[in-house]
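A.B. asks: coords please:
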Amino acid sequence: MDTGGVKVSSPRLSRRVALSTLGVVACTATVGCSQQRQSSATYPSYESLEQLVSASSLVAQGTVGRGRRTLDGNTPVALFNLSVTRCTKAAAVGQKLTLVMPDTKSPQRRGETSVSADRDYVLFLDEVTVQERDGLADEGTVYSSVGGPQGIFTVDGDRARPVEATTLTTYNSPDGERLPQDSTGLFLPLERIFG
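C.D. replies: You can find the predicted model right below:
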């Protein structure tokens, strides 16, 4: 759309940026002291694997490379490459995807959830279009996690574990089969995600 040289923000990105930069000051207890920190932003909530998959452009498993800090408009973000080893889109296997995540080293994003370099993840991703970005137009195809931290799982053997407490409680089965739990917490068996 021609805007006559005027920069127009996308309502979808504005909503994403607003949701990802909202923070609530909360007290969290730690051993021997208490501190204030910014909690994770407010994101849509998904209760079943089916809902999370349905909201995703793709679901990918892979190793995250080193990130670099930048700005998307006025929002501090970090860009990471994901080396894809499994994916719901076969063409993406063996490729590197660019991820945009909160820059958790920035004071205004502290307390939010992101990924860490050199770790394996299963990520439920949605493509962020060029029109939705203020400062990342030259980055090519960029993805963000669906539901913020709810779309980020660490890989633990044949299991994917949520990085934060999640509202995701069931598989996409007609009988509402509950997520399994072990001594470490809830998990998704990788074969249930990738078949």
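A.B. asks: Stretch 136-144 spans what distance, first to last residue?
C.D. replies: Start-to-end span of stretch 136-144 (CA to CA, to the nearest Å) is 13 Å.
A.B. asks: Buried ones in stretch 55-65, by neighbour count?
C.D. replies: By neighbour count with 16 or more other CB atoms under 10 Å, stretch 55-65 contains the buried residues S56, S57, L58, V59, A60, Q61, G62, V64, G65. For every residue, glycine as well, the C-beta is placed using N, CA and C.
A.B. asks: quick one, what contacts the residue nearest to Q181 when sequence neighbours are not counted?
C.D. replies: Spatially, and ignoring its direct neighbours in sequence, Q181 is nearest to F187 (7.3 Å; CB to CB, 6 or more residues apart in numbering). Shown in contact with F187 (CB atoms under 8 Å, 6 or more residues apart in numbering): D156, R159, A160, R161, L179, P180, Q181.
A.B. asks: one step back: which of the buried residues of stretch 55-65 sits closest to E139?
C.D. replies: Taking CB to CB as the measure, E139 lies nearest G65 of the buried residues of stretch 55-65, at 14.5 Å.
A.B. asks: quick one, phi psi at S54?
C.D. replies: phi -60, psi -30 (degrees, to the nearest 10).
A.B. asks: returning to that earlier point: in strands, which of the buried residues of stretch 55-65 appear?
C.D. replies: L58, V59, A60, Q61, G62, V64 (DSSP state E).
A.B. asks: Centre of the chain to stretch 107-122, how far?
C.D. replies: Here stretch 107-122 shows a centroid-to-chain-centroid distance of 9 Å under the convention CA atoms, centre = their mean, to the nearest Å.
A.B. asks: Can you give me the end-to-end span of it?
C.D. replies: Start and end residues of stretch 107-122 are separated by 27 Å (CA to CA).
A.B. asks: Nearest to C87, out of the contacts of F187: which one, please.
C.D. replies: Nearest to C87, judged by CB to CB, of the contacts of F187 is A160 at 13.6 Å.
A.B. asks: Next secondary structure after the helix or strand harbouring that closest one?
C.D. replies: In this assignment (DSSP states H and E), A160 forms part of strand 159-162. Toward the C-terminus, strand 159-162 is succeeded by strand 181-182 as the next helix or strand (DSSP H and E).
A.B. asks: Tell me the strands beside the helix or strand just after that next one, with direction?
C.D. replies: Of the helices and strands lying after strand 181-182 in sequence (DSSP H and E), the nearest is strand 185-186. Strand 185-186 has the following strand partners under DSSP bridges: strand 181-182 (antiparallel).
A.B. asks: Helices of this protein, start to end?
C.D. replies: All helices of the chain, identified by DSSP state H, fall at 11-21, 49-54, 190-194.
A.B. asks: Thought L190 was touching Q61, still the case?
C.D. replies: Yes - if you go by CB atoms under 8 Å, Q61 and L190 touch, sitting 7.2 Å apart.
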